[in-house]
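**Q** How does the following fold in three dimensions:
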Amino acid sequence: MAEMLVAQRHQLLVSELEAAGGLKVTELATRLGVSRATVRRDLVDLENEGRVARVRGGAMLATPRAAEEPPPAGATAPAAHTLGLLVPSATYYYPRVVAGVRAVAAERGARVVIGLTDYARADDARHVEELGAAGATGLLVASAGGHHLPPEVFERLRDRGLPFVLLEREPQDPFEPCEFVNTDHRQGAFAAVRHFAGLGHRRVGLFTNGSPTAALVREGHGAAVRQLGLGTDAPVVDSGRPTLGSAEATRYYDGFIEACRAGGTRAALVHSDHDAIELMRRMRSHGLGTPEDLALIAYDDEIASLADVPLTAVAPPKNELGEQAARLLLDRLDAPDPSAVPVRQLVMQPRLVIRSSCGASRPA
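**A** Numbers count the residues shown, from 1 in each chain. Alright, predicted model coming up:
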């Protein structure tokens, strides 16, 4: 019976990771109602089975390595590549990007070595060096800074001499011949505001959390307000990344709610999912509901569907972003003359996923 319970718990762990892409040990322990020590033991077992990959503080789904076919008689097997992948989070947004990278790497017989930087203590240049020292033959880089890669990190990448592709980042100089794969977050924000306008809202507020994506979301929101002729007096707030659940974060949420009520704003775009869920919680404490008092659209679509009122959300193509970036890098690494491959820059549009929180069951 105990073995059956363990097997069931393992399956639940895998199911949670399938839904979220990656989770912290503390989150998994809370969701399963067990201790963190139990979760850690389970993750070791699941990693040994090849079902999950443990990362610092949590885990993500493992991508099984594709079976490699032997080369034809007389042919020389291509040298295996090692992709060095630098991401700022193992538990939010980037697990699905990582899954896309790993899937393409498995298809093409490449290894992936992951480096984790940190939004609060960014040390991207050091991580770039460590990935190179670990044997990476090419690099995929999502820095912990803003949308534009810090110049010192870009210089370190160039000096390292390895082919590289940026993920959700661009060089500060738009004329740098640099490969990248990005989500057009301006388009995502524009689509959200346009949807609200189609539902009859003439004021659409914006709440962002100081992330590297925030400035682009702000640009898209502002462009939509201007082009659609909406009211320019709706509140626009950036909280600057306070700790979730802190008194500082609560003050920002409450202030935003009050500003919306005072100015007659009945709709808001909120980046990120976590912030949208916390904002709804604070609304309930004020006796307000979603969407009747304040309709919401979240930005990221990581956990938006799990909210008490399922959140309509802008969904960046995270898995596809990782896949495309890996293909760009491997195409260059596999080319007889990598310098002859044209520099490619790919921008993808996110989707708007309609749920309950915006007050419509389908796009307007």
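**Q** make it CA atoms for all contacts and neighbour counts henceforth
**A** Fine.
**Q** Next one, pLDDT for the residue nearest in space to the middle of the chain please.
**A** Here the mean C-alpha position of the chain is nearest to the C-alpha of Tyr93 (Cα atoms, centre = their mean), at a distance of 2.2 Å. At Tyr93 the predicted local confidence, pLDDT, stands at 90.
**Q** Now do the contacts for it.
**A** When contacts are counted by Cα atoms under 8 Å, 6 or more residues apart in numbering, Tyr93 touches Asp300, Glu302, Lys318.
**Q** swap in Val87?
**A** Tyr94, Ile114, Gly115, Leu116, Thr117, Val141, Ala142, Ser143, Ala144.
**Q** Would you check how far apart Leu346 and Val181 are?
**A** With distances defined as Cα to Cα, to the nearest Å, the gap from Leu346 to Val181 amounts to 5 Å.
**Q** go on, Glu27?
**A** Distance check for Glu27 against Val181: by Cα to Cα, it reads 30 Å.
**Q** more neighbours, these two?
**A** Set side by side, Glu27 and Val181 show more neighbours around Val181, with 25 against 15, by other Cα atoms under 10 Å.
**Q** List the residues that contact that one.
**A** Under the criterion of Cα under 8 Å, 6+ apart, the contact list for Val181 reads Val165, Leu166, Leu167, Glu168, Arg169, Leu321, Gln324, Ala325, Gln345, Leu346, Val347, Met348.
**Q** That one: what secondary structure?
**A** Assigned state for Val181: strand (three-state reduction, DSSP: H, G, I helix; E, B strand; the rest coil).
**Q** For it, list each beta-bridge partner.
**A** The partner list for Val181 in beta bridges (DSSP bridges) reads Leu167, Leu346.
**Q** hang on, the earlier thing: filter the contacts of Tyr93 down to just the ones in helices.
**A** When DSSP state H defines the helices, the subset of the contacts of Tyr93 inside them is Lys318.
**Q** So which of the contacts of Tyr93 sits lowest on pLDDT?
**A** Comparing pLDDT over the contacts of Tyr93 singles out Glu302 as the least confident position, at 91.
**Q** Helix or strand for Ala325, just tell me which one.
**A** helix 318-334 (DSSP states H and E).
**Q** ignore the last one, Arg251
**A** In this structure, Arg251 sits in helix 247-263 according to DSSP H and E.
**Q** so what's Met113 up against?
**A** I think there's a mix-up here, since residue 113 is Val and not Met. Contact analysis of Val113 by Cα under 8 Å, 6+ apart lists Thr82, Leu83, Gly84, Leu85, Leu131, Ala134, Ala136.
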